[in-house]
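Undergrad: Structure here, sequence nowhere to be found:
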């Protein structure tokens, strides 16, 4: 049986057009979550792009979030499945804009 812990963090894209992972750590237990909600900062003036591949986020083909919008990803008992936060990428249409997230981490 696994223990579940609630984690929160923020991430800002330094330069528009250069995608960044929402969590920089290499793949490990600390990246495994069963649910994550990503929210574009309410002060953002441009779009945030969320993708599971760097190229999709950088090309602007990711899931688009306007200021204050959210995206929730959940895993529901799929053979002990999980979402790896180190594989979720974000990009911003404007330098210095970003997201916050809240997740249930498996530890």
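TA: Sure, I can see it. For clarity, every value in this text was computed on a predicted model and none was experimentally measured.

Undergrad: any residues touching the worst-scoring helix or strand of the chain on mean pLDDT, and which ones?
TA: Least confident helix or strand, the chain: helix 54-58 with a mean of 85, by mean pLDDT, DSSP states H and E. Surrounding helix 54-58, the residues in contact under the criterion Cβ atoms under 8 Å, 6 or more residues apart in numbering are 17-19, 49-51, 62, 89-91. In this view, the C-beta of every residue, glycine as well, is placed from N, C-alpha and C.

Undergrad: need these in TSV with pLDDT, distance to residue 83 and neighbour count, can you?
TA: Putting the contacts of helix 54-58 into TSV (pLDDT from 0 to 100; distance: Cβ to Cβ, whole Å; neighbours: other Cβ atoms under 10 Å) gives the following:
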residue	pLDDT	distance to residue 83	neighbour count
17	92	25	13
18	92	23	13
19	93	17	22
49	96	18	22
50	96	12	22
51	94	13	20
62	91	15	24
89	94	13	21
90	95	14	25
91	95	19	25
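
Undergrad: Among those residues, pick out the one closest to residue 104, please.
TA: residue 50 (18.1 Å; Cβ to Cβ).

Undergrad: mind listing what the closest one touches?
TA: Residue 50 makes contact with 38, 57, 62-63, 65, 71, 88-90, 99, according to Cβ under 8 Å, 6+ apart.

Undergrad: mind listing which of the residues you listed are in strands?
TA: Secondary structure assignment (DSSP state E) places 38, 63, 65, 71, 89-90, 99 from these within strands.

Undergrad: thought residue 65 was touching residue 46?
TA: No - contact between residue 65 and residue 46 fails when scored by Cβ atoms under 8 Å: they sit 10.3 Å apart.

Undergrad: Those two: who's more crowded?
TA: In this comparison of residue 65 against residue 46, neighbours counted by other Cβ atoms under 10 Å, the higher total goes to residue 65 at 21 against 15.

Undergrad: residue contacts, the more buried one?
TA: Going by Cβ under 8 Å, 6+ apart, the list of residues near residue 65 reads 38-40, 47-50, 71, 99.

Undergrad: about what we covered before: kindly reformat the contacts of residue 50 as a markdown table containing distance to residue 24.
TA: Listed next are the contacts of residue 50 as a markdown table, based on distance: Cβ to Cβ, whole Å:
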| residue | distance to residue 24 |
| --- | --- |
| 38 | 16 |
| 57 | 15 |
| 62 | 18 |
| 63 | 20 |
| 65 | 20 |
| 71 | 20 |
| 88 | 11 |
| 89 | 11 |
| 90 | 12 |
| 99 | 14 |
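
Undergrad: Fine by me, we can end here.
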